[in-house]
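Enquirer: take a look and give me a structure for this.
(one chain, ligands or ions: 1)
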Amino acid sequence: MVEYFTKDHWNVLLSGNCRAELLNKNVDDLYQLTNIDKPYNGDIHSASEDEKKFVVNDLQQYISAAHDSHLTSQNMLTPIKDILATLNKKQEATQTVQINSKEYMSGKKSHEVEKMSSVVDILAQHCNTHQVLDIGSGKGYLSTHLSLKYGMKVTAIDCNDDNTTGASQRAEKFLSYWRKHLNGRHTKESGAAAAVINNDSLKLESVTAYVAASTDPSKFLPQSCEHNIEDACIVTGLHTCGDLCSTVISMFVTNKLIKGLCVVGCCYHLISESNNETGTFPMSDFLATKSFSLGRNKRMLALKAPERHAVMNPKQQREKSERSLFYRAVLSVILKEKYGLKSDSKDACIGKIFSKSHSFLDYIRRSLNKLRLDSSLLSDEEIDNYLQSYEPRFKELVAFSMIRHQYGPAVESIIVLDKYLYLLEQVKNTGIEKCFIGEVFDPILSPRCFALIASKSIT
Ligand SMILES: C[S@@+](CC[C@H](N)C(=O)[O-])C[C@H]1O[C@@H](n2cnc3c(N)ncnc32)[C@H](O)[C@@H]1O
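Expert: I've put the predicted structure just below:
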């Protein structure tokens, strides 16, 4: 969107009829384009009969194609309840203590941790182990929950020391909270947590380490482990950012000790692609042999969740984000015309200036300062003239951005399917016996919601 005006995306990338159709919608209707459950039914007011057919098909085709490329439309997902049923043939639920995780984490995190830990628990039982490596454990919410609620032996690994130190302290706090909770209200409750309380210790260890695909997981397992089949482990990662998701998958594939995998990726913009030597995308031979690449812009787009945008974004927040795109696109025009800077230049990175600015003038002045450009080359009046001359095109920009958002989920599908395909390609050599993609979270609450879940045969 930074290059929206400088490269004239509106006129170059959309047909005239498409443009007319979009401009006939009010902004709220444009947002409904993003509602993937109700693909857009275009109605046109200004085109001829012949044109109408073409234009409606054009926009609809685009939106339907984007909709069809979404993982949820491709029959590639296995419902979580079916995954759990396949893994848990005995249909035995682990006895756990009922506890409200919202009391010690945010609503979103609590949702993620509750959902993910119930899958990890069943996966661990299926793989005959209680030992879990939580990679990229961050503040340790998932690790703590697995340990306290399900009585698992968890090693929480994160490369950020502040996180791991904080995680251990937080875990002790949760433990005393649980103790009070059990003593006060649920003295007769049995299950994993009670056992933890009786032992008076958490089966949780926090380790600060940078994990790479070649990292030997056995060094994270308790010393007493002989690393025979009973001491096997499973590996998990909640919102493993950028390359970490592929790293966790590679560890699962290459290491015999790791019998199960449950991982959810995030921060796709941080993924490195294989045109760079250490790149982790694509993972599958299928895409690698095609020299397939996405590029940062498309990976950024994959982070947009149209369904969330349409349902949750309060109007005020929405308008702010539209305004921010608009200011940035006009800034590119100024940088190009007044300072000869290309809009895609790395030197034109301004960070989060919009949220600090109280007007367009202030935004431009702050941006020029940040870029160390001579602000005196531009008068206040000239800056205002730029704003006035682009203001009439604001709605176009909003419409274009909505159209662009449609393809975010398609890009996310490619990223997730590539990892799934890689796992399927490894089945022969690694003993992988089950492999699924499951929508483990509610996408409205937690848009990065696709988990790769796999297990190896236990022999
Ligand atoms: C998006 S955060 C998720 C944290 C946590 N799992 C959660 O959901 O709250 C990703 C975490 O992975 C850690 N991380 C990223 N790359 C890593 C690596 N190669 N080895 C270990 N930790 C890593 C980061 O420090 C960060 O805490």
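
Enquirer: pick out the residue in this structure sitting closest to the ligand.
Expert: Proximity of the chain to the ligand (CB to the nearest ligand atom) peaks at Gly138, 2.4 Å away. Just so you know, the C-beta spots here come from the backbone N, C-alpha and C atoms, and that holds for glycine as well.

Enquirer: specify the local secondary structure of that residue.
Expert: Following DSSP: H, G, I helix; E, B strand; the rest coil, Gly138 is assigned to coil.

Enquirer: could you give the number of residues near Cys267?
Expert: By other CB atoms under 10 Å, the residues close to Cys267 number 16.

Enquirer: list, one by one, the residues from the protein near the ligand.
Expert: Applying CB under 6 Å from any ligand atom, we find that the chain lies next to the ligand at 136-139, 141-142, 157-160, 163, 210-211, 238-239, 241, 244, 247, 266.

Enquirer: how about 8 Å then?
Expert: The chain comes close to the ligand at residues 109, 112-113, 134-142, 157-160, 163, 209-212, 237-244, 247, 266-267, as judged by CB under 8 Å from any ligand atom.

Enquirer: in this structure the residue of the chain closest to the ligand contacts Asn163, no?
Expert: Yes: here Gly138 lies in contact with Asn163, judged by CB atoms under 8 Å, at a distance of 5.4 Å.

Enquirer: average pLDDT across the one helix or strand Glu172 maps to?
Expert: Here Glu172, judged by DSSP states H and E, is contained in helix 161-185. With pLDDT averaged residue by residue, helix 161-185 scores 73.

Enquirer: break down this structure into its strands, ranges please.
Expert: In the chain, the strands defined using DSSP state E lie at 131-135, 153-158, 204-208, 233-241, 258-266, 432-439, 450-456.

Enquirer: most packed of those strands?
Expert: Most buried of those, by mean neighbour count (mean count of other CB atoms under 10 Å): strand 131-135, with a mean of 28.

Enquirer: dump the strands of the chain into CSV; add mean pLDDT as well.
Expert: Converted to CSV, the strands of the chain look like this (pLDDT from 0 to 100):
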stretch, mean pLDDT
strand 131-135, 96
strand 153-158, 94
strand 204-208, 89
strand 233-241, 97
strand 258-266, 97
strand 432-439, 95
strand 450-456, 97
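
Enquirer: can you lay out those strands as CSV showing distance to His9?
Expert: Conversion of those to CSV gives the following (distance: least, CB to CB, whole Å):
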stretch, distance to His9
strand 131-135, 39
strand 153-158, 40
strand 204-208, 45
strand 233-241, 29
strand 258-266, 28
strand 432-439, 32
strand 450-456, 29
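
Enquirer: for Arg296, which of those is the nearest?
Expert: Distances from Arg296 to each of these were compared using CB to CB; the shortest belongs to strand 233-241, at 14.7 Å.

Enquirer: and the closest one, what does it pack onto?
Expert: With contacts taken as 3 or more CB pairs under 8 Å, 6 or more residues apart in numbering; DSSP states H and E, strand 233-241 sits against helix 107-126, strand 131-135, helix 141-150, helix 244-254, strand 258-266.

Enquirer: partners of the last one in the sheet?
Expert: Taking DSSP bridges as the criterion, strand 258-266 forms sheet pairs with strand 233-241 (parallel), strand 450-456 (antiparallel).

Enquirer: nearest to Gly351, of these?
Expert: Shortest distance between Gly351 and the strands paired with strand 258-266, using CB to CB, is found for strand 233-241: 19.0 Å.

Enquirer: could you check the angle helix 141-150 makes with the closest one?
Expert: Going by axes from the mean of the first three to the mean of the last three CA atoms, to 10 degrees, strand 233-241 is angled at 140 degrees with respect to helix 141-150.

Enquirer: neighbouring contacts of strand 233-241?
Expert: Applying CB atoms under 8 Å, 6 or more residues apart in numbering, the set of residues contacting strand 233-241 from outside is 112-113, 116, 120, 123-124, 127, 129, 131-136, 138, 141-142, 217, 221, 244-245, 247-248, 251-252, 257-267, 270, 448.

Enquirer: what do you get if the cut-off is 6 Å, keeping everything else the same?
Expert: When contacts are defined by CB atoms under 6 Å, 6 or more residues apart in numbering, strand 233-241 is touched by residues 116, 120, 123-124, 127, 129, 131-136, 142, 248, 252, 258-267, 270.

Enquirer: what of stretch 261-280?
Expert: Surrounding stretch 261-280, the residues in contact under the criterion CB under 6 Å, 6+ apart are 119-120, 123, 235-243, 245-246, 248, 252, 281, 293, 296, 299-300, 302-303, 415, 448, 451-454.
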